[in-house]
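Visitor: Quick one, structure for this:
(one chain, ligands or ions: 1)
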Amino acid sequence: MVKTAVLVSGGGSNLQALLDAKLFGELKNCELAAVISSAPDVYALKRAEYAGIPSYVVDAAIFPNRASFTEAIIQKLHDLDIELVVLAGFKRFLEIQFFRAYKNKVIVTHPSLLPVFSGKDYVGISACKAALDTGVRYTGATTYVVTDDPCSGPIILQKPVPVLPDDTPAVLQRRIMEDAEWEILPKSLSLMCEGKVTISGNKTIIRETQK
Ligand code: GRF
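Guide: Presented below is the predicted three-dimensional model:
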């Protein structure tokens, strides 16, 4: 079983999708070993508690800079012998040292169809607002593996979602989560833990996605 940590910052709805998938046997060869939050008192921590998963707070607010926060996150992951990390609604930027320490072992869910609306200006709901501002008819969600750039990487799975005429950023964000992210994130994690994802340059090769 691959010891996996889920990094969160808020409500934890993506975490919940992973917890549910685990409960229903859909996360193969994966141990959800820890939930680490960048903030105290967030609902994601309650979700971990209800599911019986150990949770930890590495409070970004108490660190003087991003480098020391990043170091604390790496230390916590090492202390817990974590092999794979999921950034699931994690709202803090980490230094490159983190991605080097866990090279090809960090997966992310992002609310757009990469490569559009990616980068530091398009975190979370900003990517949904950008979809509305540019008038695209479809957006969606992407999961990817971080290699060098934390904001993009070899794509694991994508799912499109329509943009509807009366959408607000929040309504569109919710549709992307419900119809895409909560489906492709657990599938992506399972594929990674099953060893079915191979990174080849800037792409992934996925074995046996269909059974
Ligand atoms: C949403 O912006 C979603 O699109 C992004 O993370 C946010 C949800 O956070 N990937 P959470 O999982 O409910 O904490």
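Visitor: Residue 17 and residue 184, how far apart?
Guide: The spacing between residue 17 and residue 184, counted by C-beta to C-beta, to the nearest Å, is 9 Å. C-beta coordinates here come from the backbone N, C-alpha and C atoms, glycine included.
Visitor: So for these two, which residue has more residues nearby?
Guide: Between residue 17 and residue 184, residue 17 has the larger neighbour count (other C-beta atoms under 10 Å), namely 23 against 20.
Visitor: so when I look at the more buried one, I'm seeing a helix, right?
Guide: Yes - under DSSP: H, G, I helix; E, B strand; the rest coil, residue 17 sits within a helix.
Visitor: Quick check: chain neighbours aside, which residue is closest to it?
Guide: residue 182 (3.8 Å; C-beta to C-beta, 6 or more residues apart in numbering).
Visitor: what residues does this protein put near the ligand?
Guide: 8, 10-15, 44, 88-89, 109, 111, 124-125, 173, 176-177, 181 (C-beta under 6 Å from any ligand atom).
Visitor: how about a cut-off of 8 Å?
Guide: 8-16, 42-44, 88-89, 91, 109-111, 123-125, 127-128, 141, 173, 176-177, 181 (C-beta under 8 Å from any ligand atom).
Visitor: Might you specify the subset of those located within helices?
Guide: Among the residues of the chain next to the ligand, the members found in helices (DSSP state H) are 13-16, 43-44, 125, 127-128, 173, 176.
Visitor: on that earlier part again, let me know how buried the residue nearest to residue 17 is, in neighbour terms.
Guide: Neighbour count of residue 182, defined by other C-beta under 10 Å: 19.
Visitor: OK, contacts around it?
Guide: By C-beta atoms under 8 Å, 6 or more residues apart in numbering, the residues touching residue 182 are 13-14, 16-17.
Visitor: With residue 90 instead?
Guide: Applying C-beta under 8 Å, 6+ apart, the residues contacting residue 90 are 7-9, 38.
Visitor: how about low-confidence regions in this structure?
Guide: Within the chain, the stretches with pLDDT under 70 are 209-211.
Visitor: Indicate the residue of it located nearest to the ligand.
Guide: Nearest residue of the chain to the ligand, counting by C-beta to the nearest ligand atom: residue 89, 2.5 Å away.
Visitor: Distance-wise, check the closest residue to that residue other than its chain neighbours relative to residue 180.
Guide: For residue 89, ignoring the flanking residues on the chain, the nearest one in space by C-beta to C-beta, 6+ apart is residue 14 at 5.1 Å. In this view, residue 14 and residue 180 are 11 Å apart by C-beta to C-beta.
Visitor: Please indicate which of the ones in helices among the residues of the chain next to the ligand are buried?
Guide: By neighbour count, with 16 or more other C-beta atoms under 10 Å, these hold 13-16, 44, 127-128, 173, 176 as buried.
Visitor: List just the nearest of these to residue 203.
Guide: Nearest to residue 203 among these: residue 127, at 21.6 Å, using C-beta to C-beta.
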